[in-house]
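A.B. asks: with the sequence up front, the predicted model follows.
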Amino acid sequence: MKRSRSAGAASLNGLGKQDGESRRRRKMAEITLALNTTPVDVAALRRMAISEGGLLTHDLRRRVWPRLLNVCEDSIPETEPVDRDTNKDFTQVLLDVQRSLRRFPPGMPDEQREGLQEELIDIILRVLVKNPQLHYYQGYHDIVVTFLLVLGERLATALVEKLSTHHLRDFMDPTMDNTKHILNYLMPIIERVNPEVYDFMQQAEVGTIFALSWLITWFGHVLSDFRHVVRLYDFFLACHPLMPIYFAAVIVLHREEEVLECECDMAMLHHLLSHIPEDLPYETLISRAGDLFVQFPPSELARERSPQTAVSTFKDFELASTQQRPDTVRRRRRVEQQRSLDSTQRSTVGVVQTTGRRIMRLAVMGLTVALGAAALAVVNSALEWAPKLDLLFP
């Protein structure tokens with residue numbers, strides 16, 4: 001009897017692996033088709049980057065990431081030498097890069113790692129010299145090293161420059177004022193979804209500094225598994241540039257029990273929140289972050305929480321959010337759900353009455369962010385903003 005059950009379990013596992021591999025091959029084919037379409041189907045690439053598993057391989061990322069940032073590889077010049085001796089940022093960059101050993105794959109030969117560290121320094125200095133309005137910040141190298149490891153020096157330089165002058169622009173001001181403004185979106189999101197967690201954090205006076213390194217490094221500094229880092233980069237590159245703050249919110253919300261069981265003390269709660277667990281359900285959290293973006297777009301949060309949430313200098317981002325009207329999004333979600341789901345798959349949405357407010361919670365995620373109208377809205381907001389990057393592709 002035991003042998004029969006073991007054989008059955010092995011058979012089911014085998015079928016599951018085959019099904020997963022089949023889905024993977026199918027998705028790779030869809031990504032390749034979108035890349036080979038004339039013009040390139042950027043919307044499809046964004047959906048693929050958001051959907052479960054992201055872009056799957058570094059080879060595909062090397063082809064898709066430039067498209068998501070509208071960087072034309074054919075027009076990228078060859079890298080030039082950097083004058084380190086006269087560069088004002090060189091000493092700090094060197095110190096940060098020397099401390100970045102954990103960001104390189106375990107077991108990488110020292111000679112190879114040291115060569116990559118030299119390239120990392122050059123990329124950073126090259127971008128800063130070309131764009132004197134940008135100011136280096138500690139943690140910037142954590143983002144750059146991710147692009148270097150996936151793309152190589154030449155392509156990474158071009159994408160990092162584009163990213164630095166758009167997505168990361170507010171982090172590269174002379175002061176942290178605008179970075180703090182962006183962090184101020186975090187608590188209103190948490191309050192909307194879970195007032196109990198919000199009240200507890202307010203009582204503990206923990207603030208939002210625990211999430212600073214998450215935001216300014218796109219979680220690259222705090223996650224030890226490189227697979228999770230690049231998966232999040234797929235997601236962030238495909239979405240509205242404020243999506244990392246929504247992802248930070250869903251991490252806190254996911255840890256509701258831990259938060260509420262913690263001693264209501266600033267130091268204790270800061271310590272708990274600043275250490276991200278290794279076993280987070282990343283695909284579920286990505287789905288939830290996309291949905292929260294649709295429910296509570298940045299423009300709405302900034303308008304309704306104006307005393308504590310200043311509008312950042314992401315002017316283009318705010319414009320994109322304003323164009324995405326909540327009533328239209330909700331109507332689109334309902335239509336999409338009716339068309340896509342049968343009676344056994346439909347989501348149930350619970351409305352919870354808390355402190356006199358109606359807080360919408362998703363009881364069952366019948367649609368992933370990749371398939372539902374939430375994904376459509378997220379992709380559309382990214383595409384609405386993308387033309388501001390000066391589209392280079394036909």
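C.D. replies: Great, that's in hand. Quick caveat: nothing in here was measured; it's all calculated off a predicted structure.
A.B. asks: so where do the helices sit in the stretch 101-250 of the chain?
C.D. replies: 110-130, 140-151, 153-164, 177-183, 186-193, 195-204, 212-216, 226-238, 243-254 (DSSP state H, counting those that start in this stretch).
A.B. asks: format those as JSON lines; extra columns: mean pLDDT and mean neighbour count.
C.D. replies: For glycine as for every other residue, the C-beta is placed from the backbone atoms N, C-alpha and C. JSON lines is the format used below for the helices of the stretch 101-250 of the chain (pLDDT from 0 to 100; neighbours: other C-beta atoms under 10 Å):
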{"stretch": "helix 110-130", "mean pLDDT": "96", "mean neighbour count": "18"}
{"stretch": "helix 140-151", "mean pLDDT": "97", "mean neighbour count": "23"}
{"stretch": "helix 153-164", "mean pLDDT": "96", "mean neighbour count": "21"}
{"stretch": "helix 177-183", "mean pLDDT": "91", "mean neighbour count": "19"}
{"stretch": "helix 186-193", "mean pLDDT": "96", "mean neighbour count": "22"}
{"stretch": "helix 195-204", "mean pLDDT": "97", "mean neighbour count": "17"}
{"stretch": "helix 212-216", "mean pLDDT": "95", "mean neighbour count": "21"}
{"stretch": "helix 226-238", "mean pLDDT": "96", "mean neighbour count": "22"}
{"stretch": "helix 243-254", "mean pLDDT": "97", "mean neighbour count": "23"}
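A.B. asks: Ser75 is nearest to which of these?
C.D. replies: Ranking the helices of the stretch 101-250 of the chain by their distance to Ser75 (criterion: C-beta to C-beta) puts helix 153-164 first, at 8.6 Å.
A.B. asks: let's have the helices of the stretch 101-250 of the chain in a markdown table, adding distance to Leu260.
C.D. replies: Output for those, formatted as a markdown table (distance: least, C-beta to C-beta, whole Å):
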| stretch | distance to Leu260 |
| --- | --- |
| helix 110-130 | 41 |
| helix 140-151 | 31 |
| helix 153-164 | 36 |
| helix 177-183 | 22 |
| helix 186-193 | 13 |
| helix 195-204 | 6 |
| helix 212-216 | 21 |
| helix 226-238 | 26 |
| helix 243-254 | 11 |
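A.B. asks: how about these, which one is nearest Arg23?
C.D. replies: Arg23 lies closest to helix 226-238 among those, at 15.9 Å (C-beta to C-beta).
A.B. asks: show me the contacts for the closest residue to Ser274 other than its chain neighbours.
C.D. replies: If you skip the residues right next to it in sequence, Ser274 has Phe210 as its closest partner in space, 4.3 Å away by C-beta to C-beta, 6 or more residues apart in numbering. Taking C-beta atoms under 8 Å, 6 or more residues apart in numbering as the criterion, Phe210 is in contact with His270, Leu273, Ser274.
A.B. asks: could you find the closest non-adjacent residue to Glu256?
C.D. replies: Val197 is the one closest to Glu256 (C-beta to C-beta, 6+ apart), at 5.5 Å.
A.B. asks: try Arg103
C.D. replies: Leaving out its chain neighbours, the residue that sits closest to Arg103 by C-beta to C-beta, 6+ apart is Val145, at 4.9 Å.
A.B. asks: got it, and Thr79?
C.D. replies: Of all residues not flanking Thr79 in the chain, Arg154 sits nearest, at 5.4 Å (C-beta to C-beta, 6+ apart).
A.B. asks: quick one: contacts for the residue nearest to the spatial centre of the chain?
C.D. replies: The residue lying closest to the centre of the chain (C-alpha atoms, centre = their mean) is Phe236, at 3.2 Å. Shown in contact with Phe236 (C-beta under 8 Å, 6+ apart): His167, Trp218, Met243, Pro244, Phe247.
A.B. asks: looks like the second one contacts Val145 (just checking).
C.D. replies: No: in this structure, Trp218 sits apart from Val145 without contact. The criterion is C-beta atoms under 8 Å, and the distance is 11.4 Å.
A.B. asks: roughly how far does Phe290 sit from Ala302?
C.D. replies: Quick fix: residue 290 reads Gly, not Phe. 19 Å (C-beta to C-beta, to the nearest Å).
A.B. asks: and for Leu128?
C.D. replies: Noted for Leu128: a distance of 30 Å to Ala302, by C-beta to C-beta.
A.B. asks: again, but for Tyr233
C.D. replies: Counting by C-beta to C-beta, the gap from Tyr233 to Ala302 is 25 Å.
A.B. asks: same thing with Pro277?
C.D. replies: On the measure of C-beta to C-beta, Pro277 and Ala302 end up 30 Å apart.
A.B. asks: likewise Glu263?
C.D. replies: Distance from Glu263 to Ala302, by C-beta to C-beta: 33 Å.
A.B. asks: with Ala204 instead?
C.D. replies: From Ala204 to Ala302 the distance is 25 Å (C-beta to C-beta).
A.B. asks: what's the answer for Leu55, then?
C.D. replies: To Ala302, Leu55 is 31 Å away according to C-beta to C-beta.
A.B. asks: about what we covered before: of Gly290 and Ala302, who's got more company?
C.D. replies: Neighbours were tallied for Gly290 and for Ala302 using other C-beta atoms under 10 Å; the higher tally belongs to Gly290 (29 against 19).
A.B. asks: many thanks, I have nothing further to ask.
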